[in-house]
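*Asks:* missing the sequence, but the structure's below:
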C-alpha cells in the first residue's frame, strides 16, 4: 500500500509565515484530510492532490484556523464536478454550524455531505484506513486521531496541552504529529492557551514510545531551528513540519 503524509499547512492562528493547519494522508488514490485551514485547496493543487479524491475529512476542534477552509474546499469540489459523497467528522459545536451552513445555502455542494459527530472512541474505517478519535486538552472540545494504514500507525493531536490521553492513545506509533506552538521560553503562555511547547511534545513522544515526532502548529514568532532544538535535546528523531513537507508512511 502506497501511503504518504502531506503537510499542507503547519502554522498557528494566522498565516503569517506558514499556512494554517491541514494534513493530507494519501493512501493509494484516496485522500484523507486532518483539519482544513484557510486555502488548503491551493496547496492541494500545487502538490497534485485532487479535491475529487478526498474521501473523508476529520476536524479536531472548532477554532477557525482549523476549519475555515472547509467552505472554500466544498465550493472547489462542486466547481470540479464532484459527485461522490464526502464524509466529514467534526465536534458537536461545529456540527451544528456546518449543518446550518449547508441547509441555509451559504455553501451549495452538488454532492452529498455526510456529517458525523465526534466523541471519545469515535471510529471510522474503510478499505484503506482505520481512524479512532480521542479527547485532548485544549480550551474547547478537542480531539486527536489515531490512524492505522496497513501495518503503519500515526497520531495527529491537533491543538493540545501535553496530556496522558495522547500518551495512552499513541503508544508505539510510527509518526506522532504533535502541537508544538511554542518553545519552552513561552511555557506559561502555552499552558494558558492549551498548547504544548516543543520540549513538552518531545516528552510526550518519549513517554508514548513513538518512533518519530513531527512538530506542528508552529507560532510565527519561532524559527524552525528554535523549535527543533527545543525538542531534540530530549527526543532525537524529531522533524519540524514545514508547508509542503512530504513523508512516506
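*Replies:* Okay, I see it. What you see is a predicted model, and the numbers here were worked out from it, not measured in a lab.
*Asks:* does residue 241 touch residue 175 like I think?
*Replies:* No. If you go by C-beta atoms under 8 Å, residue 241 and residue 175 don't touch, sitting 10.7 Å apart. Every C-beta, even on glycine, is put in place using the N, C-alpha and C of the backbone.
*Asks:* who's in contact with the residue nearest to residue 70 when sequence neighbours are not counted?
*Replies:* Nearest non-adjacent residue to residue 70, counting by C-beta to C-beta, 6 or more residues apart in numbering: residue 36, 4.7 Å away. By C-beta atoms under 8 Å, 6 or more residues apart in numbering, residue 36 lies in contact with 22, 57, 59, 66-70, 73.
*Asks:* centre-most residue in this structure?
*Replies:* In the chain, the centroid-proximal residue (C-alpha atoms, centre = their mean) is residue 34; its distance is 3.7 Å.
*Asks:* what about it, distance to residue 48?
*Replies:* When distance is defined by C-beta to C-beta, to the nearest Å, residue 34 is 19 Å away from residue 48.
*Asks:* cool, residue 143 as well?
*Replies:* Between residue 143 and residue 48 the computed distance is 29 Å (C-beta to C-beta).
*Asks:* what touches both of residue 241 and residue 175?
*Replies:* By C-beta under 8 Å, 6+ apart, the residues touching both residue 241 and residue 175 are residue 214.
*Asks:* mind giving me the packing neighbours of the helix or strand harbouring residue 8?
*Replies:* Applying DSSP states H and E as the criterion places residue 8 in strand 3-9. Under the contact definition 3 or more C-beta pairs under 8 Å, 6 or more residues apart in numbering; DSSP states H and E, strand 3-9 sits against strand 22-27, helix 40-46, strand 246-248.
*Asks:* could you redo the ones you listed as a markdown table and give each row mean pLDDT, distance to residue 114 and mean neighbour count?
*Replies:* Shown next, in a markdown table, are those (pLDDT from 0 to 100; distance: least, C-beta to C-beta, whole Å; neighbours: other C-beta atoms under 10 Å):
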| stretch | mean pLDDT | distance to residue 114 | mean neighbour count |
| --- | --- | --- | --- |
| strand 22-27 | 98 | 19 | 24 |
| helix 40-46 | 94 | 20 | 18 |
| strand 246-248 | 96 | 29 | 12 |
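*Asks:* wait, which of those is closest to residue 157?
*Replies:* For residue 157, the closest of the helices and strands packed on strand 3-9 is strand 22-27, at 11.0 Å, according to C-beta to C-beta.
*Asks:* helix or strand next in line after that closest one, which one?
*Replies:* Next element after strand 22-27 (DSSP H and E): strand 30-34.
*Asks:* how about the strands in the protein?
*Replies:* 3-9, 22-27, 30-34, 54-58, 86-90, 113-117, 123-125, 130-135, 143-149, 152-156, 175-179, 213-216, 238-240, 246-248 (DSSP state E).
*Asks:* dump the ones you listed into JSON lines; add distance to residue 190 as well.
*Replies:* Below are these laid out as JSON lines (distance: least, C-beta to C-beta, whole Å):
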{"stretch": "strand 3-9", "distance to residue 190": "20"}
{"stretch": "strand 22-27", "distance to residue 190": "21"}
{"stretch": "strand 30-34", "distance to residue 190": "21"}
{"stretch": "strand 54-58", "distance to residue 190": "24"}
{"stretch": "strand 86-90", "distance to residue 190": "25"}
{"stretch": "strand 113-117", "distance to residue 190": "29"}
{"stretch": "strand 123-125", "distance to residue 190": "30"}
{"stretch": "strand 130-135", "distance to residue 190": "19"}
{"stretch": "strand 143-149", "distance to residue 190": "17"}
{"stretch": "strand 152-156", "distance to residue 190": "19"}
{"stretch": "strand 175-179", "distance to residue 190": "9"}
{"stretch": "strand 213-216", "distance to residue 190": "13"}
{"stretch": "strand 238-240", "distance to residue 190": "16"}
{"stretch": "strand 246-248", "distance to residue 190": "25"}
